[in-house]
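Asker: Quick one, fold the following:
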Amino acid sequence: MKTILSILFLLTAVTMSAQSISKNALGIRVGDNDGFGGEISYQRYLHENNRLEFDLGWRDSNNVDAFKLVGLYQWVMPIDGGFHWYVGAGGGIGSFDAGENDGTFALIAGDLGIEYDFDIPLIISLDMRPELGFNDSYSDDLDLDIALGLRYQF
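Answerer: All right, here's what the predicted structure looks like:
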């Protein structure tokens, strides 16, 4: 009987955590990675505690303008109440304009963050995204992108 109760409790907990991720979330992500920038951010529920995140944004630093598109696969775990933490991995592409020197770049990224899901369809997050770029002129090292996100869930 204890085994059956344990299995029912585990299934209930998994079902509850699956419901903690909304089907869609759209908003902004504002942070600093070699200059201030913002991103339009979209999250899409996949399965149980997994989702995809796509961010399209720009960076402005030291006379260099850069645009990038990043896609991440994330695992979301509940902490308590409306709090969750998440970890993810992915990659992206971008372009930069540095006056005489411009071009494209690719990157791989990780993601680690915490978020709070309000009772209204709003979620706020703080995350850290290490990005390893591949281009000798603009993004050829490890950068740390720390950002605050605000998204509407639907």
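Asker: how long is stretch 111-122 end to end?
Answerer: 21 Å (C-alpha to C-alpha, to the nearest Å).
Asker: And the strands in the protein, which stretches?
Answerer: Secondary structure of the chain (DSSP state E): strands located at 24-32, 36-47, 50-61, 64-80, 83-98, 101-117, 122-134, 142-153.
Asker: Please spell out which residues along the third one are buried.
Answerer: So that's strand 50-61. 50-51, 53-57, 59 (16 or more other C-beta atoms under 10 Å). Glycine gets a C-beta too; all of them are placed from N, C-alpha and C.
Asker: Contacts only, for residue 68.
Answerer: 55-59, 92-95, 105, 107 (C-beta atoms under 8 Å, 6 or more residues apart in numbering).
Asker: low-scoring stretches of this protein, by residue?
Answerer: 1-20, 33-35, 62, 136-140 (pLDDT under 70).
Asker: about what we covered before: nearest to residue 152, of the contacts of residue 68?
Answerer: residue 55 (15.4 Å; C-beta to C-beta).
Asker: And the closest one, how far from residue 115?
Answerer: According to C-beta to C-beta, to the nearest Å, residue 55 and residue 115 sit 15 Å apart.
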